[in-house]
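1. need coordinates for the below:
(one chain, ligands or ions: 1)
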Amino acid sequence: MSKLIIRGGSRLQGEAEIQGAKNSVLPILAAALLTAGQVELRGCPRLRDVDASIHILRDLGCEARWEGENILLIDTRSLSGCSVSERLMREMRSSAIFLGAILARCGQAELSYPGGCELGPRPIDLHLSGLRDLGAEIDDRGGVLHCKALRLRGREIVLSLPSVGATENLMLAACGTSGVTTIANAAREPEIVDLQNFLIACGAKVSGAGSSTVSVEGGSPLHGCTYTVMPDRIVAATYLCAAASAGGKIFLRGAKEQHLSTVTAVLREAGCSLRSDETGIVCTCRERPAATRPVRTAPYPGFPTDAQAILMAALLKSRGATVFEENLFASRYRHVDELARMGADIRVSGRVAVVTGVETLHGAPVRCTDLRGGAALCVAALAAEGETSVREITHIDRGYEDLARDLRLLGADIIRTDH
Ligand code: EPZ
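-> Numbers count the residues shown, from 1 in each chain. Have a look, this model is predicted:
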């Protein structure tokens, strides 16, 4: 069972390249089902969730193979199926993203309900109601979604909340409709803009991504393209929080501050100095971080829920107390008990967690509870005295191509052991 062994106490000093964005590449891999031609995806991160998407594409009869370190070649012309097995659906929670694309391509789809996950229930009611608005018949029997969409037609859809996955699923399904679809109250995440840019590169008529209303004019056949995935803003936020936690000066090549401005605003308030340009972000953290104003997670452009745990970890030795409010997921404080094993002082009550800075953290054996909670343990371990061993790191491998490699490049004392 692989583990990460981290010796805390050393300040960071170094440079790392930010990998392609997991939450952009996953919907783009589903979108590839809409194209008749080869897709060359550059800057594609090697992640467990990308592997799971490749397994689904291959299971559907499509070709997907790596060429070089981070180039993935996909050709879905050989698609021969329209159902995704329960095993594959359970491999990755966000596999529901394939539903809209399979429906648009095949006129039918059969997927088992995606599993819940460590963050709590992960309903897809908004995905399903939007697809029904477009004309899909969806029969939810025995945990399997039997879907028919012989004629998808463009419609006005209003989402009751700006769901990232539902926005993406409906954008893809809308590409297979006749007519124009508008998605109101759409999610505005940068990854949705990346998906729009990919679809446009394939010949689709999509506009409005990044705003609350996305429009898709369906019906045009899509061709292949060569596309470079945007940098992962949550990975960049992780490394910025690592610098805030351990102190030091780092350069994150490829990071785009405009994608994580709510995170950098809090880090500046905590006392870090950040300078960014088109090449990336330089972050210098000289002394113990200061506590900050309350951190409330919200849909983009609000503070990203995916950065909540990692920022919390960076503030464990801050001067003062910081209030966190997690508004997106019901169970996104599972990392708190593990951080407490390292001496953190965190009080949780419902959606609110209060982090009071302590003088010392000490290394301890801890286990990952989920993807970003696992990354938070590593951020905290950098500021702890002694050695921390982090186990169950397959959670981390879902979203970080090589966390140990990158943190070592930034000056951390961290190794990955496979026993
Ligand atoms: C995406 O998940 C991301 N995953 C998540 O990142 C991220 O935390 C989340 O967006 C919010 O930003 C990917 O992009 C692959 P949502 P998604 O639909 O699409 C509720 C990570 O760490 N909801 O915006 O599942 C839902 O329960 C992962 O990289 C419904 O009620 O998020 C949640 O409370 C974790 N019904 C809220 O909306 C629905 O039909 C936001 O969910 C859909 C969602």
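2. can we go C-alpha only for contacts and neighbour counts from here?
-> OK.
3. now do the strands in the stretch 301-419 of the chain.
-> With strands called from DSSP state E, counting those that start in this stretch, the stretch 301-419 of the chain shows them at 321-325, 345-349, 352-356, 365-367, 387-391, 413-417.
4. so which of those strands gets nearest the ligand?
-> Among the strands of the stretch 301-419 of the chain, strand 321-325 comes nearest to the ligand, with 13.5 Å by C-alpha to the nearest ligand atom.
5. the closest one near the ligand anywhere?
-> No. Remark: strand 321-325 sits outside contact range of the ligand, by C-alpha under 6 Å from any ligand atom, the gap being at least 13.5 Å.
6. just the angle for that strand relative to strand 345-349, thanks.
-> Between strand 321-325 and strand 345-349, the angle comes out at 30 degrees (axes from the mean of the first three to the mean of the last three C-alpha atoms, to 10 degrees).
7. how much space is there between the nearest residue to residue 376 once chain neighbours are set aside and residue 400?
-> Nearest residue to residue 376, sequence neighbours excluded (C-alpha to C-alpha, 6 or more residues apart in numbering): residue 310, at 4.3 Å. Look at residue 310 and residue 400: by C-alpha to C-alpha, to the nearest Å, they are 13 Å apart.
8. what do you get for residue 142?
-> 34 Å.
9. do residue 349 as well
-> 30 Å.
10. from memory residue 126 sits against residue 159, does it?
-> Yes. Using C-alpha atoms under 8 Å, residue 126 makes contact with residue 159 at a distance of 6.8 Å.
11. number of residues surrounding residue 67?
-> Neighbourhood size, residue 67 [other C-alpha atoms under 10 Å]: 12.
12. still on that earlier bit, let's have the strands of the stretch 301-419 of the chain in TSV, adding mean neighbour count and mean pLDDT.
-> Output for the strands of the stretch 301-419 of the chain, formatted as TSV (neighbours: other C-alpha atoms under 10 Å; pLDDT from 0 to 100):
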stretch	mean neighbour count	mean pLDDT
strand 321-325	20	98
strand 345-349	15	98
strand 352-356	19	98
strand 365-367	19	98
strand 387-391	22	98
strand 413-417	18	98
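13. follow-up on the earlier one: my guess is the residue nearest to residue 376 meets residue 238, correct?
-> Yes. Counting by C-alpha under 8 Å, residue 310 touches residue 238, with 6.0 Å between them.
14. overlap in contacts, the two.
-> Common neighbours of residue 310 and residue 238, using C-alpha atoms under 8 Å, 6 or more residues apart in numbering, are 375, 376, 379.
15. how about the contacts made by the last one?
-> For residue 379, the contacting residues are 238, 241, 242, 245, 246, 310, 313, 314, by C-alpha under 8 Å, 6+ apart.
16. look up phi and psi at the third one.
-> Pointing back at residue 242 there. Main-chain dihedrals, residue 242, degrees, to the nearest 10: phi -60, psi -40.
17. list the contacts for the residue nearest to residue 294 when sequence neighbours are not counted?
-> Distance criterion C-alpha to C-alpha, 6+ apart; nearest residue to residue 294, sequence neighbours excluded, is residue 323 at 4.7 Å. Contacts for residue 323 (C-alpha under 8 Å, 6+ apart) come out as 293, 294, 295, 352, 353, 354, 355.
18. please report how far the fourth one lies from residue 295.
-> As judged by C-alpha to C-alpha, residue 352 and residue 295 stand 10 Å apart.
19. now swap in residue 404 and tell me
-> 28 Å.
20. one step back: who's more crowded, residue 142 and residue 400?
-> Between residue 142 and residue 400, counted using other C-alpha under 10 Å, residue 400 has the larger neighbour count: 28 against 9.
21. which non-adjacent residue is nearest that one?
-> Residue 400 sits nearest to residue 47 (C-alpha to C-alpha, 6+ apart), 6.6 Å away.
22. same check, this time on residue 336
-> Per C-alpha to C-alpha, 6+ apart, closest to residue 336 is residue 346, 6.9 Å.
23. those residues of the chain touching the ligand, which are they?
-> Residues of the chain lying close to the ligand (C-alpha under 6 Å from any ligand atom) are 23, 94, 122-127, 163-166, 305-306, 328-329, 371-372.
24. done for today, thanks.
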